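> What shape does this take:
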Amino acid sequence: MEITIKENAEKMLRSKLAVGQFLRVTVTEGGCAGLTYAAEVGTEMNAGDRVVLERDGIRVVSDPASSKYLEGLVIDYSDDLFKGGLKFSNVNTKSTCGCGSSFSLSGFPEIPGGKCNS
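Predicted coordinates for the structure are as follows:
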């Protein structure tokens, strides 16, 4: 699986994650384009979780349902005053929502009821 973590995100995660902690990334239905990324710091793996990226002590973990949407994921970080935080994008994105918080991916079925479905 190809997941990229940019230098800014790597530096931030290295400074914030304690020993034994990891970043859990999930994909859920939501937003007007159909899918949204969510992330949280975890300390214990849930049933079915797997490590999708491990590099220099940084682990990214995801559940099986979300993992299929992570191919091509790019994780970045911005300390911008208004839109700061972790940024998730995907090279396989087919469309995004006007708010920039949701997306749909090429090769995956559209979520029924998504406002941006074409």
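
> longest single helix anywhere in this protein?
Determined from DSSP state H, the single longest helix within the chain is helix 7-16.

> Which strands and helices lie in contact with that helix?
strand 58-62, strand 73-78, strand 85-90 (3 or more CB pairs under 8 Å, 6 or more residues apart in numbering; DSSP states H and E). Any C-beta I mention is one placed from the backbone N, CA and C, and that applies to glycine too.

> what do you get if the cut-off is 10 Å, keeping everything else the same?
Secondary-structure packing of helix 7-16 (3 or more CB pairs under 10 Å, 6 or more residues apart in numbering; DSSP states H and E): strand 22-30, strand 58-62, strand 73-78, strand 85-90.

> For E40, find the nearest of those strands.
strand 22-30 (5.2 Å; CB to CB).

> Return the residues in contact with V52.
1, 3, 23-25, 59-63, 66-67, 70-71, 73 (CB atoms under 10 Å, 6 or more residues apart in numbering).
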